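K.L.:
take a look and give me a structure for this.
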Amino acid sequence: MSERIAESELIINPDGTVFHLHLHPEELADTVILVGDPGRVKMVASFFDKDSIEFERESRELHTITGRYHGKRVTVLSTGMGTDNIDIVMTELDALANIDFETRLPKKEHRTLTLLRIGTSGAIRPEIPLGSYVFSRMSVGFDGVLNWYADGEKVRENAIEQAFVKYMDWPERFAIPYFVKSSDKIAERFKDFTISGVTMSAPGFYGPQGRSVRMKLTVPNLIYKMEGFEFGEWKITNIEMESSALAGMAAILGHEAGTVCLIIANRYAKESNPDYKALMAEMVEKSLDALTRD
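P.N.:
The predicted model follows:
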């Protein structure tokens, strides 16, 4: 029999909501869109069916709306930036789905969530144009979050991980990078309008992504070195800050998860497009269509 989860390990607010997200279990849909920017939540929800929004809630950078898209219930939630926030969001989403808040025990029947992160990213390969969509068929975590979970070993792609560490001459002071595949089911739904990619998740925007402003870098040629890495069919395509923890934690917890990113910069070609709102709206609508079609 499972042990009761202590109050200190899963904090439930006095109103019965989970600690950070401030959501009740019944408020969470089976299909969840994750975005980094709290301001993007309303943009995603603007595509929902008229008068279908059930509630809107905000707490710090965590902004949630649940409604319906073409009749299917969908929750859209902002995570803020970084895999540390994904650790919080994924743990609490799973708790909402699979922990009985009254008994503090896992539910007998597992509830599987479908989770899609929609974000922006920089390409590191010259052939990936600005404005394209990359689906993270595999994610590479430079962040170290999955290293804290024992079952992470069960979902990691060890062969490519070892090849990458050797190829990059990985500094010992860094967290060991981990490679995790996304959901096959979600990938199948996105294959017709996205580029299949290997996405690196960095634990920061500047140094961890090879940017130097006033501080020298430990790995000054990070982008160009990663661009040359190949392992069978796999090549690293782009960089963002959240997909690795999402893919890894979802795989451990038994959920379907994936990430699709709009390419707004090409680090290899040193190009960028900061005026991308219309392109993002198009990608959101296509993503909602892909997730909700029968």
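K.L.:
so what does the worst-scoring helix or strand of the chain on mean pLDDT touch, helix or strand wise?
P.N.:
Least confident element among the helices and strands of the chain, by mean pLDDT, DSSP states H and E: strand 271-272 (a mean of 78). In terms of contacts (3 or more CB pairs under 8 Å, 6 or more residues apart in numbering; DSSP states H and E), strand 271-272 is packed against strand 256-266. Placement of C-beta: from N, CA and C, glycine included.
K.L.:
what does the least confident helix or strand of the chain rub up against?
P.N.:
For strand 271-272, contacts defined as CB atoms under 8 Å, 6 or more residues apart in numbering pick out 122, 130, 264-266.
K.L.:
next secondary structure after that strand?
P.N.:
The first helix or strand that comes after strand 271-272 along the chain, using DSSP states H and E, is helix 277-292.
K.L.:
that following helix vs strand 256-266, what angle?
P.N.:
For helix 277-292 against strand 256-266, the angle by axes from the mean of the first three to the mean of the last three CA atoms, to 10 degrees is 160 degrees.
K.L.:
so which bits of helix 277-292 are buried?
P.N.:
279-280, 283-284, 286-288, 290-292 (16 or more other CB atoms under 10 Å).
K.L.:
spatially central, which residue of the chain would that be?
P.N.:
residue 243 (3.5 Å; CA atoms, centre = their mean).
K.L.:
where in the stretch 1-150 of the chain is pLDDT low?
P.N.:
Counting by pLDDT under 70, the stretch 1-150 of the chain contains low-confidence ranges at 1.
K.L.:
show me where it has its helices.
P.N.:
Ranges of helices in the stretch 1-150 of the chain, per DSSP state H, counting those that start in this stretch, are 40-45, 83-98.
K.L.:
nearest to residue 15, of those helices?
P.N.:
Residue 15 lies closest, by CB to CB, to one member of the helices of the stretch 1-150 of the chain: helix 83-98, at 13.9 Å.
K.L.:
contacts for the closest one next, please.
P.N.:
Looking at what lies outside helix 83-98 - CB under 8 Å, 6+ apart - the contacts are 10, 18-21, 23-25, 27-28, 32, 34, 61-62, 77, 79, 106-107, 110-111, 113, 115, 141, 143, 145, 201, 203, 241-242, 244-246, 249-250, 253, 255.
K.L.:
my read: residue 287 touches residue 35, true?
P.N.:
No. Counting by CB atoms under 8 Å, residue 287 stays clear of residue 35, with 10.6 Å between them.
K.L.:
how close does residue 46 get to residue 288?
P.N.:
Counting by CB to CB, to the nearest Å, the gap from residue 46 to residue 288 is 11 Å.
K.L.:
overlap in contacts, residue 287 and residue 35.
P.N.:
With CB under 8 Å, 6+ apart as the test, residue 287 and residue 35 both reach residue 118.
K.L.:
format the helices of the stretch 1-150 of the chain as JSON lines; extra columns: mean neighbour count.
P.N.:
Shown next, in JSON lines, are these (neighbours: other CB atoms under 10 Å):
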{"stretch": "helix 40-45", "mean neighbour count": "20"}
{"stretch": "helix 83-98", "mean neighbour count": "22"}
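K.L.:
and these: which comes nearest residue 190?
P.N.:
Nearest to residue 190, of these and by CB to CB, is helix 40-45 at 16.3 Å.
K.L.:
show me what that closest one is packed up against.
P.N.:
For helix 40-45, the packing partners by 3+ CB pairs under 8 Å, 6+ apart are strand 31-35, strand 62-69, strand 72-78, helix 277-292.
K.L.:
residue 159: which of those is closest?
P.N.:
strand 31-35 (28.7 Å).
K.L.:
the closest one to helix 277-292, inter-axis angle?
P.N.:
Going by the same axes, to 10 degrees, strand 31-35 makes 160 degrees with helix 277-292.
K.L.:
can you add distance to residue 167 and give the helices of the stretch 1-150 of the chain back as CSV?
P.N.:
As requested, those are arranged in CSV below (distance: least, CB to CB, whole Å):
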stretch, distance to residue 167
helix 40-45, 35
helix 83-98, 23
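K.L.:
give the contact list for residue 4.
P.N.:
103-105.
K.L.:
from residue 132, how far off is residue 283?
P.N.:
10 Å.
K.L.:
what residues do the two have in common as contacts?
P.N.:
residue 262.
K.L.:
could the buried residues of helix 277-292 be laid out in a markdown table, adding pLDDT and distance to residue 39?
P.N.:
Shown next, in a markdown table, are those (pLDDT from 0 to 100; distance: CB to CB, whole Å):
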| residue | pLDDT | distance to residue 39 |
| --- | --- | --- |
| 279 | 93 | 16 |
| 280 | 94 | 11 |
| 283 | 96 | 16 |
| 284 | 97 | 13 |
| 286 | 97 | 20 |
| 287 | 97 | 18 |
| 288 | 97 | 18 |
| 290 | 96 | 23 |
| 291 | 95 | 21 |
| 292 | 92 | 23 |
